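*Asks:* Got a predicted structure plus its sequence, pasted below:
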Amino acid sequence: MSFDSIRCYDKKEIPAVLERLSNDKHFINLLSTIYPLLPKEVLKQRLVSFDNVDDFQKAIVYPFLQYLESNLTKGIKLLGLDKIDKNRSYLYVSNHRDIILDSTLLCGKLIENDMETVEIAIGDNLLVFPWIEDLVRLNKSFIVRRNPGAKQMLESSKLLSAYMAHTINEKKRSIWIAQREGRAKDSDDRTQESLLKMFNMGGIGTFTENLTALHICPLSISYEYDPCDYLKAKEFQQKRDNSDYKKSPQDDLLSMKIGVMGYKGRIVYKMAGEISDEIRKLGEEFQNRNELVAAIASLIDTKIHSNYEIYKVNKIAYDILNGSTEFSQSYSLLEKLDFEKYIAMQINKIDLENKDLDFLKIKMLEMYANPLRNALSVVNA
């Protein structure tokens, strides 16, 4: 099976890809924005000097991630490394908040821990320009065809599944993939059962055997603040008011820019560890395929929900939404007023003619309350 249409670039292709990027004015302008003190000719020379991805990521990408952490966050933590074997390849199934940073910041933390960076599943809807496809495939991303057409969907899913199994078991490289297609705009993170069915297609054993062979490790990502929260709220109203509404490529580009360059507060990644043993037990418990798939999806959800980092803003949003004081001992009146001011400021950025302020406020609060709501559901289960 040929993976050429979706795989990340291999080592022998890298010089030609870097040559293309060095001659693309849009990419060079972007790179010049990131490294303003370096003349463009120097940047071009540096680009074409690399012959492998790891050196490129450490020399070009990682310093920018350090800048983001220092200037646009209050610090980024990676927890749970004690739950994994650093010499094993895993399929990290993660909740999804930010188009670019979820996987990219994870790679930065892996570099700091002397671990190889992961391959990243990325939807083809984000490949708006040829240079973006070159850049992401250079950085160990492989392509998920979002809408290949009804006839091609099965073959596309088989190819993707086979590539993931090949990457983990043959290339011995870990993968990051979101638990669902697209971001959970309301932060109510749920694993799509169709994703698990796709995982199964690349194996030759039973459903349970095929999934355990991928060494699935749920990963929780917790941002204190989501700079795209107002854009997500805006989209909720647009979809409510127009059932045919579809985002444009420009909308995705704006979300990428705001997500990267907006303030995020604290960020915590937490690995749950491999769940293969629990999947095997579920395989023994459920004989019905659909029930088994639902049970594994629920298992992943529970792992992700239980490992959220809960911030004061989550507790404030939860109390405001529920008209309660359940968590009022955890925050001050001033902190609550500051958060309410933040929500109002973000809503003020929304450029809709018929802004439904009450609706938008509820959607914004739900984004911050739902991680806590889901974490509580695990505790109370």
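*Replies:* That came in fine, so what should we check first?

*Asks:* Show me the protein divided up by domain.
*Replies:* As recorded under automatic domain parsing, the domains making up the chain are 54-226+262-309, 313-379.

*Asks:* residue contacts, the spatially closest residue to Phe207 that is not a sequence neighbour?
*Replies:* With Cβ to Cβ, 6 or more residues apart in numbering as the criterion, Phe207 has its nearest non-adjacent residue at 5.2 Å, and that residue is Asn200. No exception for glycine: its C-beta is placed from N, CA and C like everyone else's. The contact partners of Asn200, taken as Cβ atoms under 8 Å, 6 or more residues apart in numbering, are 161, 207, 210-211.

*Asks:* farthest pair in the residues you listed?
*Replies:* Ser161 and Phe207 (12.1 Å; Cβ to Cβ).

*Asks:* now for the domains of the chain, which one comes closest to Asp244?
*Replies:* domain 54-226+262-309 (15.6 Å).

*Asks:* Please tell me how far the closest one is from the chain's geometric centre.
*Replies:* Domain 54-226+262-309 sits 7 Å away from the centroid of its parent chain (Cα atoms, centre = their mean, to the nearest Å).

*Asks:* now do stretch 259-274
*Replies:* Centre-to-centre, stretch 259-274 and its host chain are 9 Å apart (Cα atoms, centre = their mean).

*Asks:* Show me what counts as buried in that stretch.
*Replies:* Judged by neighbour count using 16 or more other Cβ atoms under 10 Å, the buried positions of stretch 259-274 are 259-260, 262, 264-265, 267-274.

*Asks:* Check the protein for its longest strand and report it.
*Replies:* Longest strand in the chain, counting residues (DSSP state E): strand 216-223.

*Asks:* closest to Glu19 among the buried residues of stretch 259-274?
*Replies:* Scanning those for proximity to Glu19, where the rule is Cβ to Cβ, the winner is Val260, at 25.5 Å.

*Asks:* Flag every buried residue along the helix or strand encompassing Leu65.
*Replies:* Following DSSP states H and E, the helix or strand that holds Leu65 is helix 62-72. Residues 62, 65, 68-69, 72 are the ones in helix 62-72 that count as buried (16+ other Cβ under 10 Å).

*Asks:* just checking, what packs against that helix?
*Replies:* Judged by 3 or more Cβ pairs under 8 Å, 6 or more residues apart in numbering; DSSP states H and E, helix 62-72 is in contact with helix 101-112.

*Asks:* Other residues contacting the helix it packs on?
*Replies:* Residues outside helix 101-112 that contact it (Cβ under 8 Å, 6+ apart): 57-58, 61-62, 65-66, 68-69, 76-78, 92, 94, 96, 116-118, 120, 176, 178, 219, 221, 259-260, 264, 267, 269.

*Asks:* Now intersect these with the helices, please.
*Replies:* Cross-referencing those against helices under DSSP state H gives 62, 65-66, 68-69, 259-260.

*Asks:* how about those residues, which pair is most distant?
*Replies:* Of all pairs in these, the most separated under Cβ to Cβ is Tyr62 and Gly259 at 18.6 Å.

*Asks:* Pull up the gap between Glu274 and Arg280, please.
*Replies:* Separation of Glu274 from Arg280 (Cβ to Cβ, to the nearest Å): 11 Å.

*Asks:* about what we covered before: how far off helix 101-112 does the helix holding Leu65 point, in degrees?
*Replies:* 110 degrees (axes from the mean of the first three to the mean of the last three Cα atoms, to 10 degrees).

*Asks:* Give me the nearest residue to Glu224, chain neighbours excluded.
*Replies:* Distance criterion Cβ to Cβ, 6+ apart; nearest residue to Glu224, sequence neighbours excluded, is Gly265 at 2.9 Å.

*Asks:* Pull the contacting residues for the one you found.
*Replies:* 73-74, 223-225, 311, 313.

*Asks:* Let's see the PyMOL selection covering just the buried ones among these.
*Replies:* Buried subset of the contacts of Gly265, written as a PyMOL selection, criterion 16+ other Cβ under 10 Å:
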select buried, resi 73+223+224+225+311+313
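
*Asks:* picking that back up, just name the most buried of the domains of the chain.
*Replies:* Most buried of those, by mean neighbour count (mean count of other Cβ atoms under 10 Å): domain 54-226+262-309, with a mean of 18.
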